[in-house]
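J.: Quick one, what's the 3D model for this:
(one chain, ligands or ions: 1)
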Amino acid sequence: MTKTLYELGEIPPLGVVPRQMYASVIRRERYGPPRDAFRTEVVDVPSVGRGQVLVMMMAAGVNYNNVWAALGRPLDVIKARQRHGDDTDFHIGGSEGSGVVWAVGDGVEQVRVGDEVVLSGCQWNESAADIRLGADPMTSLTQRVWGYESNFGSFAQFSVVDEYQCHPKPTRLTWAEAACYLLTGATAYRQLCGWDPHTVRPGDPVLIWGGAGGLGSMAIQIVRERGGIPVAVVSSEERGEHCVRLGARGYLLRGDYTHWGRLPDIDDDAASGAWMAEVRRFGKRFWEIVGARRSPRIVLEHSGQDTIPTSMYLCDNAGMVVICGGTTGYHADVDLRFLWMRQKRLQGSHFANTEQCRAITELVAAGRVDPCLSWTGTFEELGHAHQLMRDNAHPAGNMAVLVNAAEDGHTL
Ligand code: NAP
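T.: All right, here's what the predicted structure looks like:
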């Protein structure tokens, strides 16, 4: 007889689906510091619909989006779903992970029960009018981040995903390594390779904010693989050395500069002059690292409000600042004179489409990009891991927790 509930790390017979599971749950009354927001609870295993796949999770990646989910801002994810008719009053986060296909719905053709997979973090309606007319699914009106905007993410024993979210798990990776690279890796890949003609070419200098973070660690390696010159910005020598080990030509220490945040009033000559002196000093250091008076053709942004003025100023004529986040705030100032007269591009970018997810997975599978797993925690440490991230006190690279993988092995 099928057990109702299996303990974490206790693997049911292949394809046997219990009625209940352990999940790390956020509730509205617990919104606040991540360390207190996540709590392990028992919930029903979600059912599998047409085109969907039930995955038994072995490990799950930790990302910044569920820091925001725990805080309940800028989006109250539970309330937002309820507004669209969802009746669940809790949030199971997690937008990437590794696991084993445990059941498939009608119409699933590309994966089978027993396949070992890594899961990508966005969902869309493949029948949506915009997608049928040729839109990149990531730009579809139906696109949602799985385990953030949608519920039942990877922080549970079982997750339901759409079939196209499943990618073959690189066999050389452990479960935790496989769980940690796809969200940051594919996002950085789209930023650096997805916005023609501003894709990284051999010899292109590229400025990478937060070079030791999840996005930054992947971005440095992608730029290196394409023959570009990655230059990182970090907050400590230790983080800088991590970037150099990954292939950065060098790094700038952001603590050495003082011009962060919003631009001074345009009529305040003294403050504007001081800002300009500081950003030029920053730019001069960038040239020293590159070894030539060459500005970044691409700037990889995610820090937002504190850094956008610098990114926009430093970016080369006809270059691109490509942004996927706003960790330090959303009201970033752009001096439009530099934008139009120097014909720069400010490009928004959000996660990645299936092709881009597959491209980064192949680079990782081939050993050309390291997943940069720096920390592996237990399921109970999800709150702690997100708190480390919130406090910018996490180790360089990407983090994961083990879900059903009792030890961090390679296969089931
Ligand atoms: P992460 O691992 O925490 O790295 C972020 C890095 O930002 C940190 O290592 C930190 O490095 C740097 N940083 C912190 N405060 C800064 C400041 N005031 N100025 C400049 N840099 C600062 O996070 P991540 O996974 O790379 O994600 C970064 C952001 O991108 C988050 O806001 C996340 O939500 C967003 N994101 C968006 C997508 C998407 O699809 N849209 C995907 C992934 C991530 P130092 O302190 O060493 O400088």
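J.: What residues of the lengthiest helix in the chain count as buried?
T.: The longest helix of the chain (DSSP state H) is helix 269-290. Buried residues in helix 269-290, counted by 16 or more other Cβ atoms under 10 Å: W275, E278, V279, F282, G283, R285, F286, I289, V290. (C-beta placed from N, C-alpha, C; glycine too.)
J.: where does R201 fall, helix, sheet strand or coil?
T.: coil (DSSP: H, G, I helix; E, B strand; the rest coil).
J.: correct me, but it touches G227?
T.: Yes - taking Cβ atoms under 8 Å as the definition, R201 is a contact partner of G227 at 7.3 Å.
J.: Nearest to the ligand: which residue in the chain?
T.: At 2.0 Å from the ligand, G213 is the closest residue in the chain, using Cβ to the nearest ligand atom.
J.: quick one: that residue from Y64, how far?
T.: 9 Å (Cβ to Cβ, to the nearest Å).
J.: measure the residue nearest in space to the middle of the chain to G121 for me?
T.: For the chain, T184 is the residue whose C-alpha lies nearest the centre (Cα atoms, centre = their mean; 3.4 Å). Going from T184 to G121 by Cβ to Cβ gives 10 Å.
J.: what is in contact with these two at once?
T.: N63 (Cβ atoms under 8 Å, 6 or more residues apart in numbering).
J.: need the strands for the stretch 51-200 of the chain, in chain order.
T.: Using DSSP state E, counting those that start in this stretch, the strands of the stretch 51-200 of the chain run over residues 52-62, 91-92, 97-104, 116-119, 122-123, 144-145, 158-162, 166-168.
J.: how about the residues of the stretch 151-300 of the chain near the ligand?
T.: 183-184, 187, 209-210, 212-216, 233-235, 239, 254 (Cβ under 6 Å from any ligand atom).
J.: just the buried members of those?
T.: By 16+ other Cβ under 10 Å, those give 183-184, 187, 209-210, 212-216, 233-234, 239, 254 as buried.
J.: Columns distance to P170, pLDDT and secondary structure on top of those residues, output as a markdown table?
T.: A markdown table is the format used below for these (distance: Cβ to Cβ, whole Å; pLDDT from 0 to 100; DSSP: H, G, I helix; E, B strand; the rest coil):
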| residue | distance to P170 | pLDDT | secondary structure |
| --- | --- | --- | --- |
| L183 | 15 | 98 | helix |
| T184 | 16 | 98 | helix |
| T187 | 18 | 98 | helix |
| W209 | 27 | 98 | coil |
| G210 | 25 | 98 | coil |
| A212 | 23 | 97 | coil |
| G213 | 22 | 96 | coil |
| G214 | 18 | 96 | helix |
| L215 | 20 | 98 | helix |
| G216 | 21 | 98 | helix |
| V233 | 30 | 98 | strand |
| V234 | 28 | 98 | strand |
| R239 | 26 | 97 | helix |
| R254 | 33 | 98 | helix |
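J.: still on that earlier bit, the nearest residue to the residue nearest to the centre of the chain once chain neighbours are set aside and V67: what is the separation?
T.: The shortest distance from T184 to any residue other than its chain neighbours is 3.7 Å, reached at G214 (Cβ to Cβ, 6 or more residues apart in numbering). Per Cβ to Cβ, G214 is found 12 Å from V67.
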